[in-house]
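Asker: Just to be clear, the model below is a prediction. Sequence and coordinates:
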Amino acid sequence: MTLAHRNPARLAAIGAIAALLLVQAGSADVLPDNRADVFWSRYSGGGMDITGKSVLVRKKFSENLAVEANYFVDTVSGASVDVLSNASVIKDERKQKSGTVEYVHDKTTYSLSFINSTERDYVANTTHFSLSQDMFGDLTTLTLGFSHTRDRVGENVGKTDAPAVQWLGHADSRSYDAGLSQIFTRNLIAGLNLEVITDYGYLANPYRSIRFLDNSAKGYALASQVYPNTRTSTAVQGQAKYYLPYRAAVTGSYRYFRDTWGIRANTYELDYTHPIGNIWIFEGRLRYYQQRRANFYSDLFPFAGSQNFMGRDRDLAASQDTTIGAKVTYAFWPEGWKIFKRGTATLDISRIRFKYLDFRDIRDYNNTPAGGNYAAGTEPFYHFDATVLQLYVSMFF
Amino acid sequence: MPSRTMQTIMRNGLWASSMGAALLLSACGNIQPWVKPYERDRLADPIMSWDRDSISSAYLDHIRESREGARGATGSAGGGCGCN
Amino acid sequence: MRSSTMTGFKHCIVAAVIVTTAAFAAAAAGDAGPAPAFTLTNLKGQSGALSQYKGQVVMVNFWATWCGPCQQEMPLLDQMYKKYKPAGFTLIGVNVDKEEPPVKELLARKPVSFPVLLDPANQVSKAYHVDEMPSSVIIDRKGEIRYIHRGYKPGDENEYQDRIRQLIRE
């Protein structure tokens, strides 16, 4: 099994990265400073250990033109709850390369990006275009963007150390986004974002299976998932940032999500940023996410082929997760050094608690507290905690 | 064929509404900002930027979207010093 | 409806357009006319007034410590000031920061030779209708505003110099 090999999520992950490249546009008038970042991360939780390394460089070639390049490598190892057979520890790697060109003309910023993500059994290519316009005395910024992703989905039918990838199909995703950012007062800025994504093609994760009741010893048998070959989703997010009476900022955001698979999700986030002079920035974050299950999802189907579409990927289950995070940035070159204007080092730690309301952990089936077996459909609901560590050095020049 | 009066009304109505539209559009371009450029000090502070470290927020977004069903609408542009 | 009423209606619209256009034009009034007088203090607490420089070509540059393009042009403004001062030119830097300490700290690190006056209440900025940061207002020897340059992009200093030379020759 590979890193986060969930096709809809993968398409979305590329979209997320593309959307964040959109955020880079900032003020439509002045391109941000040149910068180089070296990034290291570690995700551990739910039996998985994922190390990420990344390098990002951004450079202006004139007052109007900037180019950004990013290289990211994820290495996965571990066995998550989704590994149902007695598989050995998986190890896999995902490499992502992206390049962005940004051009400013007067009050408009244009941005074009290409992203390629490759792993043994999954390849995704994304093109993203956006434009950002400042208006009404530079207090309002309107942003429009479009993304197109083409994926090739495969399954490793061999072993971890002797892989054999079988290519299963393609997926095509188009995303349309619109955003409005408004400065209300000297202390308050707010934003509203809308993103509509449509997917077509092979949208399932080939490594997941559904289970249905039968007369076997375990009480259930596994079968392939059957996913719809289309999905359309809409997300609307509102956020606001407020400068407190002392030098600190508080941010609140809410996002509503709904799609044609029946998933409804709400995301709430609260952030507090507190700097100390020119040297330190402390940030605390709280996030709560909750979703309703997809209409073709079930942890345990009554019999084989009971529905046209059946899925048991925990992405689709009714779940919630709570994140608590803290971030510290230290400026080791607050006034710069030689060609560098500023240099900072950041440590970011997040702790996420995941709880599933209708996805059961079926690994410990013969491990009830009383020493017996769980009857199919009575296993405890799955939950796990994950820790995400990020460490990066940013140099502005 | 409408009467001459009707024709005049229609012609003037069209003229009036296009003038109105032109006025409205020129008004939009000329809205004086209520937060003046020299009052953007706080908004120019890095702590007020929507995304200080995009390499980190992109990573966190990737982690979430791999595990959650929802996707999209996670960023904003705008704000800042508004210079130039 | 009578055609005379329609004609009257038409005139009304034309008048409304003219009045509104004039109003918008007036909003950009800072672009011409006599330069509003002002008296501000510098970092040392000493008073400085625009009237002191009557008879010279004056450039009033509105800047802030938090404004990137402002920082970019400061050294070039300094060079320009030193170059044209003997010919009867003065540059006044009007700082619009709400607080003094960052201004003091910045000028200690990157000093300039031209006078810097503080406008924390933003009264002078309002009087000059500053609508972009940075803004440079070039005033002739008679005290009339001749040119307003909004924003700063590398290369703009050439335009400043052209205008200054032109006004010095007058």
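Answerer: Received it, and whenever you're ready, just let me know what you need.
Asker: Centre of the chain to stretch A:383-395, how far?
Answerer: Stretch A:383-395 sits 13 Å away from the centroid of its parent chain (C-alpha atoms, centre = their mean, to the nearest Å).
Asker: quick one: buried residues of it?
Answerer: Counting neighbours by 16 or more other C-beta atoms under 10 Å in any protein chain shown, one finds that the buried residues in stretch A:383-395 are A:H383, A:F384, A:A386, A:V388, A:Q390, A:Y392, A:S394, A:M395. Every residue, glycine included, has its C-beta placed from N, CA and C.
Asker: For it, report the contacting residues that lie outside it.
Answerer: The contact list for stretch A:383-395 (C-beta atoms under 8 Å, 6 or more residues apart in numbering or on different chains) reads A:35-47, A:81, A:325, A:333, A:340, A:342-356, B:53, B:55-56, B:59-60, B:63.
Asker: again, 7 Å this time
Answerer: The list of residues contacting stretch A:383-395 from outside it, by C-beta atoms under 7 Å, 6 or more residues apart in numbering or on different chains, reads A:35-46, A:340, A:343-356, B:53, B:55-56, B:59, B:63.
Asker: ok, and of these, which contact chain C?
Answerer: With respect to chain C, and counting by C-beta under 7 Å from any C-beta of the partner chain, no part of those is in contact.
Asker: Out of the residues you listed, name the ones that lie in strands.
Answerer: Here DSSP state E is the test, and the contacts of stretch A:383-395 give A:35-45, A:343-356 as lying in strands.
Asker: Show me just the buried residues among those residues.
Answerer: For the ones in strands among the contacts of stretch A:383-395, a neighbour count by 16+ other C-beta under 10 Å gives the buried set as A:35-39, A:41, A:43, A:45, A:343-346, A:348, A:350, A:352, A:354-356.
Asker: which of those are close to chain B?
Answerer: A:D37, A:F39, A:S41, A:Y43, A:T346, A:D348.
Asker: so the fourth one touches A:I50, yeah?
Answerer: It stands for A:Y43. Yes: the pair formed by A:Y43 and A:I50 meets the contact definition of C-beta atoms under 7 Å, at 4.2 Å.
Asker: Direction included, what does the helix or strand harbouring A:L391 pair against?
Answerer: The secondary structure element spanning A:L391 is strand A:381-396 (assigned by DSSP states H and E). In the sheet containing strand A:381-396, its partner strands are strand A:35-45 (antiparallel), strand A:342-360 (antiparallel), by DSSP bridges.
Asker: could you dump the ones you listed to TSV with mean pLDDT?
Answerer: Putting the strands paired with strand A:381-396 into TSV (pLDDT from 0 to 100) gives the following:
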stretch	mean pLDDT
strand A:35-45	96
strand A:342-360	97
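Asker: Generate TSV for those, with distance to A:T234 as supplementary columns.
Answerer: Conversion of those to TSV gives the following (distance: least, C-beta to C-beta, whole Å):
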stretch	distance to A:T234
strand A:35-45	28
strand A:342-360	23
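Asker: Quick one, which of the ones you listed gets closest to A:D315.
Answerer: Comparing the strands paired with strand A:381-396 by their distance to A:D315 (C-beta to C-beta), the top pick is strand A:342-360, with 9.5 Å.
Asker: Can I get the closest one in PDB? Just the C-alpha atoms.
Answerer: Only the C-alpha atoms of strand A:342-360 are listed here, as PDB (Å, rounded to 0.1, in the frame of the first residue of the first chain):
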ATOM      1  CA  ARG A 342      16.000  37.500   6.700                       C
ATOM      2  CA  GLY A 343      16.400  34.000   7.900                       C
ATOM      3  CA  THR A 344      14.000  32.000  10.100                       C
ATOM      4  CA  ALA A 345      13.700  28.500  11.500                       C
ATOM      5  CA  THR A 346      10.300  27.000  12.400                       C
ATOM      6  CA  LEU A 347       9.100  24.100  14.400                       C
ATOM      7  CA  ASP A 348       5.500  23.000  14.100                       C
ATOM      8  CA  ILE A 349       3.900  20.200  16.100                       C
ATOM      9  CA  SER A 350       0.300  19.000  15.600                       C
ATOM     10  CA  ARG A 351      -1.600  16.300  17.400                       C
ATOM     11  CA  ILE A 352      -4.600  14.900  15.600                       C
ATOM     12  CA  ARG A 353      -7.200  12.600  17.100                       C
ATOM     13  CA  PHE A 354      -9.300  10.700  14.600                       C
ATOM     14  CA  LYS A 355     -12.500   9.000  15.500                       C
ATOM     15  CA  TYR A 356     -14.700   7.000  13.200                       C
ATOM     16  CA  LEU A 357     -18.400   6.600  13.900                       C
ATOM     17  CA  ASP A 358     -19.100   3.800  11.500                       C
ATOM     18  CA  PHE A 359     -15.800   2.200  10.500                       C
ATOM     19  CA  ARG A 360     -14.700  -0.700  12.700                       C
END
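Asker: right, and the helix or strand after the host helix or strand of A:I115?
Answerer: A:I115 is part of strand A:108-119 when elements are defined by DSSP H and E. Moving toward the C-terminus from strand A:108-119, the first helix or strand encountered (DSSP H and E) is strand A:122-135.
Asker: which neighbours does whatever helix or strand comes next after that next one have in its sheet, and in what orientation?
Answerer: Toward the C-terminal end, the helix or strand that comes next after strand A:122-135 (DSSP H and E) is strand A:140-156. Listed by DSSP bridges, the sheet partners of strand A:140-156 and their directions read strand A:122-135 (antiparallel), strand A:165-185 (antiparallel).
Asker: Determine which of those approaches A:F212 most closely.
Answerer: Proximity to A:F212, assessed across these by C-beta to C-beta, is greatest for strand A:165-185 (22.0 Å).
Asker: Next, the angle from that closest one to strand A:108-119.
Answerer: Between the axis of strand A:165-185 and that of strand A:108-119 there is an angle of 150 degrees, by axes from the mean of the first three to the mean of the last three C-alpha atoms, to 10 degrees.
Asker: Show me which residues of strand A:165-185 are buried.
Answerer: For strand A:165-185, the neighbour count (16+ other C-beta under 10 Å) marks A:A171, A:D172, A:S173, A:R174, A:S175, A:D177, A:G179, A:L180, A:S181, A:Q182, A:I183 as buried.
Asker: pLDDT added to the residues you listed, as CSV?
Answerer: Below are the buried residues of strand A:165-185 laid out as CSV (pLDDT from 0 to 100):
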residue, pLDDT
A:A171, 96
A:D172, 97
A:S173, 97
A:R174, 97
A:S175, 96
A:D177, 96
A:G179, 96
A:L180, 96
A:S181, 95
A:Q182, 96
A:I183, 96
